[in-house]
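In: build me a model from this:
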Amino acid sequence: MGERDAKYAERIRAFLELGITRRQCCGKLAINNKAFERIIAAHGIDYPKARRGSTSCAA
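Out: Residues are numbered from 1 along each chain as shown. Now for the predicted structure:
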């Protein structure tokens, strides 16, 4: 699980730089939000949540 999570963490960092939302990131990686939260916590990634009132599109 550690090696797979490390690969996901790499891709999550890339998506963060591209400005992709958390929800879209989960969709592209085919993981659920719980797994996403675990990976960003384990790898110290600061992936901000969408601001209240901002529009977002479905993943």
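In: only C-alpha atoms for contact and neighbour calcs from this point on.
Out: OK.
In: quick check: buried residues in stretch 14-28?
Out: Residues of stretch 14-28 classed as buried under the neighbour-count rule (16 or more other Cα atoms under 10 Å) are 15-16, 20-23, 25-26.
In: the top helix by length along the chain: which residues count as buried?
Out: Among the segments of the chain that qualify as a helix by DSSP state H, the longest is helix 2-18. Going by neighbour count (16+ other Cα under 10 Å), the buried part of helix 2-18 is 5, 8-9, 12, 15-16.
In: got it, and stretch 37-45?
Out: Residues 39-40 are the ones in stretch 37-45 that count as buried (16+ other Cα under 10 Å).
In: give me the contacts around that stretch.
Out: Stretch 37-45 has contacts (Cα atoms under 8 Å, 6 or more residues apart in numbering) with 5-6, 8-9, 13, 46-47.
In: alpha carbons of that stretch, as CSV, please.
Out: The C-alpha trace of stretch 37-45 is given here as CSV (Å, rounded to 0.1, in the frame of the first residue of the first chain):
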residue,chain,number,x,y,z
GLU,A,37,-7.6,12.3,2.8
ARG,A,38,-5.4,9.5,4.1
ILE,A,39,-2.8,10.0,1.4
ILE,A,40,-2.5,13.7,1.7
ALA,A,41,-2.2,13.5,5.5
ALA,A,42,0.4,10.7,5.3
HIS,A,43,2.5,12.7,2.7
GLY,A,44,2.0,16.1,4.2
ILE,A,45,0.2,17.6,1.2
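In: distance from stretch 32-47 to the middle of the chain?
Out: With Cα atoms, centre = their mean, to the nearest Å as the basis, stretch 32-47 stands 7 Å off its chain's centre.
In: mean confidence score for that stretch?
Out: Averaged across stretch 32-47, the pLDDT comes to 96.
In: and for stretch 9-17?
Out: Mean predicted lDDT for stretch 9-17 stands at 96.
In: number the residues from 35 up from this point.
Out: Okay, using 35 as the starting number, the last item reads as stretch 43-51.
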